[in-house]
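> Could you look at this predicted model? Sequence included:
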Amino acid sequence: MPEVETIARGVHARVRGDRITGAWFSKHKEPFKSPAATQGRGLTGRTILSVHRTGKHIVCELGDAGVDEPSAQWIVHLGMTGRLLVTTPDGPLAAHTHVRLSLESGRELRFVDARRFGRLEFRELRRTEGFCAAGQEPMAIGAAEFAGLFRGRKLAIKAALLNQGLMSGVGNIYADESLFQAGIRPRRRAGRLTRSELERLRLSLRAVLTDAIRLGGSSVSDYVDANGVRGFFQLEHCVYLRTGLPCRQCETPIKRILVAGRGTHYCPTCQG
């Protein structure tokens, strides 16, 4: 989520109020949840009113000429390797570029995705509802609502945190880091955590996400922001991808296990 939030803020700052004058789409069909031709027709001529994050998606609110109310949305899911970049038309064209939106300002908004796991969707708001995430927003959820998400659940708390139907936007890195900050083992059954443990986890999750956004996200793979700049939160990781290294608090070697099929990192002492 911090990576998506960082990109959404960067794109918003650079293209808000700009008008889309043309659209080019690659021949690969995988990234296009809506047909490329439909997206091209719907995007061209519309003004970008705002760009924001909803869950793990970037939502571009689009308006007709001279109208401030959104009439359409362009919804971007970055998948594992997706990038949304603002550049000039003569800027280096990255391999695996799937979309180039020409803007009235003379810039381009490009979608790049090497593994093609990302998805792009266009919604005409006169015909369908606007996009909304299925789960709760982790940065805004209150204590009672947070505790209620896990009441009676038998799955591991790490798996529960990654369930996008419960909360939207929590990924593997931030689940591991938040559980470490809260002192909770990732295999603990979610429904057996006490109210105080859940409140500690809620506050830890919010703090970790806030710090990650401030530092531009974690660049542990292909992630860069809207300007092509890598994030710095990976330098602050306490457990994620630190298998065998000493814990930053107690020097116990960090362990790696699998929880719900996902690589999971924790400190056996601090998360006792």
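Yes, it's here. Computed from a predicted structure; not experimentally measured. Numbers count the residues shown, from 1 in each chain.
> C-alpha from now on. contacts and neighbour counts both.
Will do.
> Helices of this protein, start to end?
2-15, 36-43, 143-150, 157-162, 172-182, 195-214 (DSSP state H).
> nearest to residue 126, of the ones you listed?
Distance to residue 126, taken as Cα to Cα, is lowest for helix 36-43 among the helices of the chain, at 12.2 Å.
> Under the pLDDT cut-off, which ranges of the stretch 101-250 of the chain? List them.
Along the stretch 101-250 of the chain, segments meeting pLDDT under 70 span 216-235.
> Show me where it has its strands.
108-113, 119-124 (DSSP state E, counting those that start in this stretch).
> still on that earlier bit, could I get the helices of the chain as TSV with mean neighbour count and distance to residue 126?
Listed next are those as TSV, based on neighbours: other Cα atoms under 10 Å; distance: least, Cα to Cα, whole Å:
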stretch	mean neighbour count	distance to residue 126
helix 2-15	22	23
helix 36-43	18	12
helix 143-150	16	33
helix 157-162	23	33
helix 172-182	23	36
helix 195-214	19	34
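> Just send these back as TSV, with distance to residue 73 too.
Output for those, formatted as TSV (distance: least, Cα to Cα, whole Å):
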stretch	distance to residue 73
helix 2-15	14
helix 36-43	9
helix 143-150	29
helix 157-162	26
helix 172-182	28
helix 195-214	24
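> Of all those helices, which one comes closest to residue 119?
Across the helices of the chain, residue 119 has its closest neighbour in helix 36-43 (11.4 Å, Cα to Cα).
> Tell me what angle the closest one forms with strand 119-124.
With axes from the mean of the first three to the mean of the last three Cα atoms, to 10 degrees applied, the angle from helix 36-43 to strand 119-124 works out at 50 degrees.
> Let me know how buried residue 52 is, in neighbour terms.
Neighbour count for residue 52, taken as other Cα atoms under 10 Å: 20.
> what's the answer for the one 4 residues further on, then?
As a burial measure, the neighbour count of residue 56 was computed by other Cα under 10 Å and equals 21.
> what residues are up against it?
Listed by Cα atoms under 8 Å, 6 or more residues apart in numbering, the contact partners of residue 56 are 1, 4, 77, 168-169.
> Tell me which two in those are the farthest apart.
Maximum pairwise distance in the contacts of residue 56, criterion Cα to Cα, is 12.7 Å, between 77 and 168.
> Specify the beta-bridge partners of residue 50.
Beta bridges link residue 50 to residue 61 when assigned by DSSP bridges.
> circling back to that earlier point, nearest to residue 253, out of the helices of the chain?
helix 172-182 (13.4 Å).
> Can I get that closest one as PDB, trimmed to CA atoms?
Output in PDB follows, covering the C-alpha atoms of helix 172-182 (Å, rounded to 0.1, in the frame of the first residue of the first chain):
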ATOM      1  CA  ASN A 172       3.500  -9.000   2.900                       C
ATOM      2  CA  ILE A 173       6.300  -6.500   3.900                       C
ATOM      3  CA  TYR A 174       4.000  -4.400   6.100                       C
ATOM      4  CA  ALA A 175       2.200  -7.400   7.700                       C
ATOM      5  CA  ASP A 176       5.600  -8.700   8.800                       C
ATOM      6  CA  GLU A 177       6.900  -5.400  10.000                       C
ATOM      7  CA  SER A 178       3.700  -4.500  11.900                       C
ATOM      8  CA  LEU A 179       3.600  -7.900  13.700                       C
ATOM      9  CA  PHE A 180       7.200  -7.400  14.700                       C
ATOM     10  CA  GLN A 181       6.400  -3.900  16.100                       C
ATOM     11  CA  ALA A 182       3.400  -5.300  18.000                       C
END
